[in-house]
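A.B. asks: Show me the folded form of this:
(one chain, ligands or ions: 1)
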Amino acid sequence: MTTASLQTLRLAMFSAQPYDRRFFEEARAARRSPVAIDYHDTALDIGTAVLAQGCDAVCVFVNDVLDAAVLERLHGQGVRAVLLRCAGFNNVDLVALARLGMFAARVPAYSPEAVAEHAVAMILTLNRHTHRAFNRVREGNFALDGLLGFTLHGKTAGIVGTGKIGLATARILAGFGCRVLGHDPYPSPAFAALGTMVPLDDLLAQSDIVSLHCPLVDATRHLIGHATLGRMKEGAMLVNTSRGALVDTAAVIEALKSRRLGALAIDVYEQESALFFRDHSSDIIADDVFGRLTTFPNVLVTGHQGFFTIEALREIAAITFDNLDCWRSGGACANVLPAA
Ligand code: NAI
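C.D. replies: Numbers count the residues shown, from 1 in each chain. From the prediction side, this is the model:
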């Protein structure tokens, strides 16, 4: 790539929120980067890919669609690189990417602690009902019925996926005095200092809280469904801050209705792309499954905000620029997506 083309490098950012613009513009100014960025608040799909016309690269987030059709459309328009502002890449067709010879890199770790802290915030909120207490007290209602929780100290927490975020979550929960169990086909040696690795069935049977931190791949889709819910300890809490499709939502609703599952905290939802990251407060929400979930007093939903800290957003912007620089210079990039 020539110096002139470097200076005219153009990036189309999809699903861009005001905070993306803020942190990317800060990073761009700090680096004096000549890259031009077109910010589009719309998500990338086959209908919006045309917005990247004339761009060299696209920058995408968790719910942008990068299937074969979209990648081919982008490639046909001259796009040669995909920069993910996230760790998960289950939305990218790796086979099509390789066939088209496109560069794609992600941000594998921006702040594992940010997501872990959010998972624990959800556990504490759901257990001690602080979200309900907040509203009650503002209405002058100081009654405690319905706010009963359990003491976290001494409980068993099961961490499914003991990678960066799972490890950070285990560290916090061990600090609360929980007994920590882990399950991972590739166990991390660092986990040994925090807890015990066990088969998934043992983890499910023994844990008062099960927290999911594994990636979404074919083997983990609906990892929590009718069968696995049936193996969980009666009344346990399930936490998912990883990817929505790890959980079969219909099965979870049945388990909540039968009271087999004691509580559910989710920051991700299988059909979240139609809802999350947008203000739908004046819309009729057509997703009845989601609607049912929000009727349970023992369900807490947040809209994929685990990553949402100043530190993490700063890191995402910085690493994305590093990935772009790697691609421009043709150097080796540690964050390139793995082969299919
Ligand atoms: P990581 O790659 O460090 O760890 C994932 C771990 O899951 C690895 O140790 C892997 O061996 C393990 N694993 C793979 N298959 C498994 C299985 N079948 N059962 C149990 N464990 C399995 O990834 P990291 O950074 O900890 O992220 C985990 C997930 O968190 C990401 O895949 C992403 O989906 C999600 N995430 C959510 C965010 C949010 O804002 N809510 C933000 C960032 C990531």
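A.B. asks: Give the full set of residues in contact with the residue of the chain found nearest the ligand.
C.D. replies: Closest approach of the chain to the ligand (CB to the nearest ligand atom) occurs at residue 163, with a separation of 1.7 Å. All C-beta spots, glycine's among them, are computed from the backbone N, C-alpha and C. The neighbourhood of residue 163, defined by CB atoms under 8 Å, 6 or more residues apart in numbering, consists of 184, 188, 213, 214.
A.B. asks: Which pLDDT does the model give it?
C.D. replies: Per-residue pLDDT puts residue 163 at 96.
A.B. asks: Closest one to residue 138 out of the contacts of residue 163, please.
C.D. replies: Closest approach to residue 138 among the contacts of residue 163 (CB to CB): residue 213, at 34.2 Å.
A.B. asks: for the residue most central in space within the chain, phi and psi?
C.D. replies: Using CA atoms, centre = their mean, the residue of the chain that lies closest to the mean C-alpha position is residue 242, 4.8 Å off. The phi/psi pair for residue 242 (degrees, to the nearest 10) reads phi -100, psi -80.
A.B. asks: hang on, the earlier thing: near the ligand, from the contacts of residue 163?
C.D. replies: Within the set of the contacts of residue 163, contact with the ligand (CB under 6 Å from any ligand atom) is found for 184, 213, 214.
A.B. asks: Quick one: which of those is the most crowded by neighbours?
C.D. replies: For those, neighbours were counted using other CB atoms under 10 Å, and residue 213 has the most, 27 neighbours in all.
A.B. asks: wouldn't that one be in contact with residue 158 here?
C.D. replies: No - using CB atoms under 8 Å, residue 213 is not in contact with residue 158; the gap is 10.5 Å.
A.B. asks: could you pull out the helices for the stretch 151-300 of the chain?
C.D. replies: In order along the chain, the stretch 151-300 of the chain carries the following helices (DSSP state H, counting those that start in this stretch): 164-175, 200-206, 226-231, 249-257, 288-293.
A.B. asks: ok so, going back, from the contacts of residue 163, which shows the smallest pLDDT?
C.D. replies: Scanning the contacts of residue 163 for pLDDT, the low point is residue 188. It has 90.
A.B. asks: Identify the residues contacting it.
C.D. replies: Applying CB under 8 Å, 6+ apart, the residues contacting residue 188 are 162, 163, 167.
A.B. asks: Would you mind writing the CA trace of stretch 294-310 as PDB?
C.D. replies: Extracted C-alpha coordinates of stretch 294-310, given in PDB (Å, rounded to 0.1, in the frame of the first residue of the first chain):
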ATOM      1  CA  THR A 294     -39.400  -9.700  31.700                       C
ATOM      2  CA  THR A 295     -42.500 -10.700  33.700                       C
ATOM      3  CA  PHE A 296     -40.500 -12.900  36.200                       C
ATOM      4  CA  PRO A 297     -39.500 -11.200  39.400                       C
ATOM      5  CA  ASN A 298     -36.500 -13.400  39.600                       C
ATOM      6  CA  VAL A 299     -35.100 -12.500  36.200                       C
ATOM      7  CA  LEU A 300     -32.700  -9.600  35.600                       C
ATOM      8  CA  VAL A 301     -31.900  -8.600  32.000                       C
ATOM      9  CA  THR A 302     -29.300  -6.000  31.000                       C
ATOM     10  CA  GLY A 303     -28.800  -5.000  27.300                       C
ATOM     11  CA  HIS A 304     -25.300  -6.400  26.600                       C
ATOM     12  CA  GLN A 305     -23.500  -3.800  28.800                       C
ATOM     13  CA  GLY A 306     -20.900  -6.100  30.400                       C
ATOM     14  CA  PHE A 307     -18.100  -4.500  28.300                       C
ATOM     15  CA  PHE A 308     -19.300  -1.000  28.900                       C
ATOM     16  CA  THR A 309     -16.700   0.800  31.000                       C
ATOM     17  CA  ILE A 310     -14.500   3.800  30.100                       C
END
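A.B. asks: which residues are in contact with it?
C.D. replies: Outside of stretch 294-310, the residues that reach it under the criterion CB under 8 Å, 6+ apart are 19, 62, 86, 110-111, 114-115, 118-119, 122, 125-126, 131-132, 146, 241, 256, 262-269, 272, 275-277, 293, 313, 316.
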